[in-house]
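Q: Kindly return the folded structure for what I paste below:
(one chain, ligands or ions: 1)
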Amino acid sequence: MNICLVAGARPNFMKIAPIVRAIQARKDEGLRATIVHTGQHYDENMSDTFFRELGIPAPDYHLEAGSGSHAVQTAAIMVAFENVCEQDRPDMVVVVGDVNSTLACSIVSKKLQIAVSHVEAGLRSFDLSMPEEINRMVTDAISDLFFVTEQSGMDNLLREGKPKERIHFVGHVMIDNLLYQLGKLDAATCERFPASSLKKRLGAYLFLTLHRPSNVDDPEVFSQIADALNTISRTYPIVFPIHPRTRKCMEKFGIHFDEPIVLLEPLGFMESLYLWKDAAAVLTDSGGLQEETTALGIPCITLRNNTERPITIEMGTNVLAGNSKEGILRALEKQLGRSGSGEPKRPPLWDGHAAERIVRILARDV
Ligand code: UD1
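A: Sure, this is the predicted structure:
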């Protein structure tokens, strides 16, 4: 059975890594992974570093779609992926998450009558101004199999009328990857990170990621967030690896960050984990980090008004801060004031074995 795994943007790489391993573990049963990299992300530190660190084999196909408007990027991926499907005729296409590559490849596969599985199905922010929400809804509208990370995903898919027998609550491949890589983060590896001396020097610090168009594309909103962060940095230093979109907007709008905010280039998975896992709190607008901090019990402040991942709030590690200065300061105060609650409460099935469950179901269903 030829299972085609699609990855295009940074968070996809963490999600396919454990699925590739789980397929390879069953190769004696005739399971084979074909890896397609759409090229949505292409810088060394947004792409190749992740393949290397996460042990993902080199892609069988690289579509080199690159950046552009949503239509340009999605169309480039679709045209190139159609050729791959016609040439390779996979038995199943597996798409992960909610990026443009997920949307583009699910549509192409389905129109070629190739079955589609969506990993991380059913999440909904109910905010159609987010491109990812559109990607999630369209992908789920045409997928054949749904692999779900949390109860809200089950509820949303059932409410939308998806057949129960096609929906599988399997846990989260992102957490499979996190736990697997955490086990490999030994002292010798950490010493080699350029950020290791920084970490030792900082004492208590916050870790920040920021890249949502709703936060960085509008100069007023971005200035307000920067103002909040500059205020916070008078009390806590902040480590901030900057996404290329955010870097461009900073330069375009002349946004300034004060010195206790340490600006870094985008980090690989391991160095990033090494920094955020020991932070006093994480400030982010990423979907994945909301979940990863939940798994390790790190306080997280999400710089958004909503989340498609409500389990992270229910577990008590995550709060929504919005993107106003007062909202961010209030949320940080609340999170830092939380009394230590001992062992983190992990959501059901976030146990490091989601990919094995997925591949077991694929082997049976295809
Ligand atoms: C994409 C995803 C988003 C995900 C994020 C993770 C969509 C709609 N958005 O957003 O859900 O959270 O990835 O990073 O799919 N750029 C580079 N080098 C790269 C990649 C991008 O410089 O390797 C720059 C380009 O100028 C590009 C901009 O970053 O225009 C944005 O990239 P794009 O892939 O369009 O969206 P992201 O903001 O990265």
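Q: Now do the domain split for the protein, please.
A: Under automatic domain parsing, the residue ranges defining each domain of the chain are 2-171+350-365, 186-338.
Q: Show me the strands in the stretch 51-200 of the chain, by range?
A: Assigned by DSSP state E, counting those that start in this stretch, the strands in the stretch 51-200 of the chain fall at 61-62, 92-96, 115-119, 145-148, 167-169.
Q: could you give the angle of the third one to strand 92-96?
A: Interaxial angle, strand 115-119 versus strand 92-96 (axes from the mean of the first three to the mean of the last three Cα atoms, to 10 degrees): 20 degrees.
Q: returning to what we had before: want to throw the strands of the stretch 51-200 of the chain into TSV with mean pLDDT and distance to Gln335?
A: From N, CA and C alone the C-beta is placed, and that goes for glycine too. Supplementary listing: the strands of the stretch 51-200 of the chain in TSV, determined by pLDDT from 0 to 100; distance: least, Cβ to Cβ, whole Å:
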stretch	mean pLDDT	distance to Gln335
strand 61-62	98	41
strand 92-96	98	29
strand 115-119	98	30
strand 145-148	98	27
strand 167-169	98	29
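Q: Mind telling me what element Pro345 is part of?
A: Quick fix: residue 345 is Lys, not Pro. Element membership for Lys345, per DSSP states H and E: none, as it lies in no helix or strand.
Q: and it, what does it touch?
A: Each residue near Lys345 by Cβ atoms under 8 Å, 6 or more residues apart in numbering is listed here: Gly297, Met315, Gly316.
Q: How confident was the prediction at the residue in the stretch 151-300 of the chain positioned nearest to the ligand?
A: Nearest residue of the stretch 151-300 of the chain to the ligand (Cβ to the nearest ligand atom) works out as Pro244 at 3.2 Å. pLDDT for Pro244: 97.
Q: Please apply the same query to Asp365.
A: At Asp365, the predicted lDDT confidence score is 69.
Q: Then Pro260?
A: In this prediction, Pro260 carries a pLDDT score of 97.
Q: and the longest helix for this structure?
A: Ranked by residue count under DSSP state H, the longest helix found in the chain is helix 70-88.
Q: Pull out the buried residues from that one.
A: Within helix 70-88, the residues scored as buried using 16 or more other Cβ atoms under 10 Å are Gln73, Thr74, Ala76, Ile77, Met78, Ala80, Phe81, Glu82, Val84, Cys85.
Q: And for the first one, nearest residue in space, chain neighbours not counted?
A: The spatially closest residue to Gln73, leaving aside those adjacent along the chain, is Asn100, at 5.3 Å (Cβ to Cβ, 6 or more residues apart in numbering).
Q: Distance check, the one you found against the ligand.
A: Going from Asn100 to the ligand by Cβ to the nearest ligand atom, to the nearest Å gives 4 Å.
Q: Tell me how many other residues surround that residue.
A: Asn100 is surrounded by 25 other residues when neighbours are defined as other Cβ atoms under 10 Å.
Q: Check the one 4 residues further on too.
A: Burial of Ala104 is recorded as 30 neighbouring residues (other Cβ under 10 Å).
Q: Report the contact partners of it.
A: Shown in contact with Ala104 (Cβ under 8 Å, 6+ apart): Thr38, Thr74, Ala75, Ile77, Met78, Phe81.
Q: ok, those residues vs Leu329, which is closest?
A: Of all the contacts of Ala104, Leu329 sits closest to Thr74, with 37.7 Å by Cβ to Cβ.
Q: Would you mind naming what in this protein lies close to the ligand?
A: Taking Cβ under 6 Å from any ligand atom as the test, the list of the chain residues beside the ligand reads 9-11, 40-43, 46, 67, 99-100, 131-132, 211, 243-245.
Q: Just the buried residues of those residues.
A: Applying 16+ other Cβ under 10 Å to the residues of the chain next to the ligand, the neighbour count classes 9-11, 40-42, 46, 99-100, 131-132, 211, 243, 245 as buried.
Q: List the ones among those residues that fall in helices.
A: Among these, the ones falling in helices (DSSP H) are Arg10, Pro11, Asn100, Pro131, Glu132, Arg245.
Q: Which members of those are the farthest-apart pair?
A: Arg10 and Pro131 (15.3 Å).
Q: Please identify the most buried of the strands of the stretch 51-200 of the chain.
A: A comparison of the strands of the stretch 51-200 of the chain by mean neighbour count, using mean count of other Cβ atoms under 10 Å, puts strand 92-96 on top with a mean of 27.
Q: what packs against that one?
A: strand 2-7, helix 10-24, helix 100-111, strand 115-119 (3 or more Cβ pairs under 8 Å, 6 or more residues apart in numbering; DSSP states H and E).
Q: Could you save the ones you listed as TSV and add columns showing distance to Asp351?
A: Output for the helices and strands packed on strand 92-96, formatted as TSV (distance: least, Cβ to Cβ, whole Å):
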stretch	distance to Asp351
strand 2-7	22
helix 10-24	12
helix 100-111	24
strand 115-119	16
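Q: Gln290 is nearest to which of those?
A: Short answer: helix 10-24, nearest of those by Cβ to Cβ, at 11.5 Å.
Q: Flag every buried residue along the helix or strand just after the closest one.
A: Using DSSP H and E, the next helix or strand after helix 10-24 towards the C-terminus is strand 32-37. Of all the residues in strand 32-37, those buried under the rule 16+ other Cβ under 10 Å are Ala33, Thr34, Ile35, Val36, His37.
Q: and strand 32-37, which strands flank it?
A: Strand 32-37 has these partner strands in its sheet, going by DSSP bridges: strand 2-7 (parallel), strand 61-62 (parallel).
Q: Deepest-packed of those, please.
A: With neighbours defined by mean count of other Cβ under 10 Å, none of the strands paired with strand 32-37 is more surrounded on average than strand 2-7, at a mean of 26.
Q: what does the average pLDDT come to for it?
A: Computed over strand 2-7, the average pLDDT equals 98.
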